[in-house]
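Provide a 3D model corresponding to the input given below.
(one chain, ligands or ions: 1)
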Amino acid sequence: MKYEIAEIFESINGEGMKAGELAVFIRFSGCNLNCRYCDTKWANDANASYTEMDEEEIIREVKQYHVKNITVTGGEPLFRKGMGKLLKRLLKEGFSVEIETNGSVSIREFTLISPNISYTMDYKLPGSGMEESMCVSNFSLLDKKDTIKFVVSSKEDLEHAYKITEQFSLAERCHVLLSPAFGEIEPKEIVDFMKERHWTEVRMQIQMHKVIWDVNQRGV
Ligand code: SF4
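You can find the predicted model right below:
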């Protein structure tokens, strides 16, 4: 089986609960959504370039970095054929596996593979234009090692994130992150909202890689 890989690289996790830790990223090309503020459109377009790699080639490549954390990302990785098989192999090789998913794909079959995979799952707010695609049944499958990430682009998004967090008791179930959509809302506005609501169960997080490197740089 061949996988369509946009890039494999070593960097620090720029967001999520492992932010700041070294990780090897396996970025799959292609996405089933089209968020208004997408910063990886280059990997998602129908004619985006990718490298076809089989399982052995991927394992060989990631092993050369001697890093324990693997972040499986995209695009959207979970609708790729053969993903379950690759995840099993990564776990068998002893890697600590985190999946970044856009929240539109059921994670049920992947949670059955192993309880040790952690998820950083987006919930697409109205500002993304993609909220109707969210798979809310995923919420009940998340636990303390997992994270829901709201990418916030406006005050309305913040209000909505608050409502969804309360409605599904998300902060009791998993970590909840508020991440400003780059260039769309001042991080300060998010902090002000948290203070106003005494919203102590969530964290604001700025995408570290966009602070350290150029915002459009790939492979970081
Ligand atoms: S889900 Fe992520 S990769 Fe897909 S369009 Fe939205 S922001 Fe881009």
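
which residues of this protein lie near the ligand?
Residues of the chain that fall close to the ligand, judged by Cβ under 6 Å from any ligand atom: 31, 33, 34, 35, 38, 40, 44, 74, 75, 76, 102. Glycine gets a C-beta too; all of them are placed from N, C-alpha and C.

redo that, cut-off 8 Å
Proximity of the chain to the ligand is confined to 31-35, 37-41, 43-44, 74-76, 102, 104, 122, 124, 128, 130, 151 under the rule Cβ under 8 Å from any ligand atom.

among these, which are in strands?
Using DSSP state E, the members of the residues of the chain next to the ligand that fall in strands are 122, 151.

helices of this structure, residue ranges please.
Under the criterion DSSP state H, the chain carries helices at the ranges 41-44, 55-63, 83-92, 108-111, 155-167, 170-173, 187-197, 208-212.

so how far is the first residue of stretch 142-157 from its last?
22 Å (Cα to Cα, to the nearest Å).

which residue of the chain lies farthest from its centroid?
Seen from the C-alpha centroid of the chain, the residue lying at the greatest distance (Cα atoms, centre = their mean) is residue 196, 27.6 Å away.

can you pull the contacts of it?
With contacts defined as Cβ atoms under 8 Å, 6 or more residues apart in numbering, residue 196 has no neighbours.

show me what the closest residue to residue 72 other than its chain neighbours is bridged to.
The shortest distance from residue 72 to any residue that is not its chain neighbour, by Cβ to Cβ, 6 or more residues apart in numbering, is 4.8 Å, and that residue is residue 99. Per DSSP bridges, the residues bridged to residue 99 are residue 72, residue 119.

lovely, talk soon.
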